[in-house]
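Novice: Fold the following for me, if possible:
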Amino acid sequence: MAFLGLVIFLVAILLIAAVIIVNIYNRLVTLRNRYQNAYAQIDVQLRRRYDLIPNLLESVKGYMAHERETLTAVINARNSAMRASQQAAQAPGDPQAMQQLSAAEGLLDSTLGRFFALSEAYPDIKANQNMAQLMEELRSTENRIAFARQAFNDAVTLYNTKREVFPSNLVAGSFNFGPAQLLEDTTPEMKVAPQISF
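Specialist: Next up is the predicted model:
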């Protein structure tokens, strides 16, 4: 009788342990899916930004024809950021992909900043309605990117915290739930949204 009681007790312990492990595993999967979805929201806004930049440059090309070097630098930075964004979209949270994206976005912000500073010298650009509309769309997109980045970083922090605390860290290690990287601002230009005023 005592042996049967011991067997029932051990089976109950194993069942409880299995339920706890399954619960932790499912929670980790849910949190990983949340940060991946949050990155998808960043990706949507980045694509919108990348699509706006050629239109913006096209609207000023006639005014700034002799500033070809600046216009080319903006396009090259945009293309580099697009490639980094595509790589990050394939592996949201991957430390290397997030660092490359942060660096590429920092370069794009820097070149856009130079472009905007240079365009201040052209009064015709300030009076251009198409340019004003594109600038407003870009400003709005920059705000959306900032909100999406915050949501992504919050989701990554929640996931990383869950995978690091006991007993979740045992399950995370056993099932290869690796750490996710925040999308951090790596340059001073990224710390503040570009100032766009016309």
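Novice: what about the longest helix in this protein?
Specialist: helix 2-60 (DSSP state H).
Novice: and that one, what other elements does it pack with?
Specialist: helix 68-90, helix 95-119, helix 129-164, helix 168-174 (3 or more Cβ pairs under 8 Å, 6 or more residues apart in numbering; DSSP states H and E). For glycine as for every other residue, the C-beta is placed from the backbone atoms N, C-alpha and C.
Novice: need the ones you listed in CSV with distance to Met1, can you?
Specialist: Formatted as CSV, these follow (distance: least, Cβ to Cβ, whole Å):
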stretch, distance to Met1
helix 68-90, 60
helix 95-119, 57
helix 129-164, 43
helix 168-174, 35
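Novice: Tell me which of these is the most buried.
Specialist: Burial of the helices and strands packed on helix 2-60 is given as mean neighbour count (mean count of other Cβ atoms under 10 Å); helix 95-119 ranks first at a mean of 19.
Novice: For that helix, what is the distance to the chain centroid?
Specialist: Relative to its chain's centre, helix 95-119 lies at 13 Å (Cα atoms, centre = their mean, to the nearest Å).
Novice: and what of stretch 130-137?
Specialist: On the basis of Cα atoms, centre = their mean, stretch 130-137 is displaced by 24 Å from the centre of the chain it belongs to.
Novice: Can I get it in PDB, CA atoms only?
Specialist: The C-alpha trace of stretch 130-137 is given here as PDB (Å, rounded to 0.1, in the frame of the first residue of the first chain):
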ATOM      1  CA  ASN A 130       4.700  69.000 -52.600                       C
ATOM      2  CA  MET A 131       7.900  69.200 -50.500                       C
ATOM      3  CA  ALA A 132       5.900  70.500 -47.500                       C
ATOM      4  CA  GLN A 133       3.500  67.600 -47.700                       C
ATOM      5  CA  LEU A 134       6.300  65.000 -48.000                       C
ATOM      6  CA  MET A 135       8.100  66.600 -45.100                       C
ATOM      7  CA  GLU A 136       4.900  66.300 -43.000                       C
ATOM      8  CA  GLU A 137       4.500  62.600 -44.000                       C
END
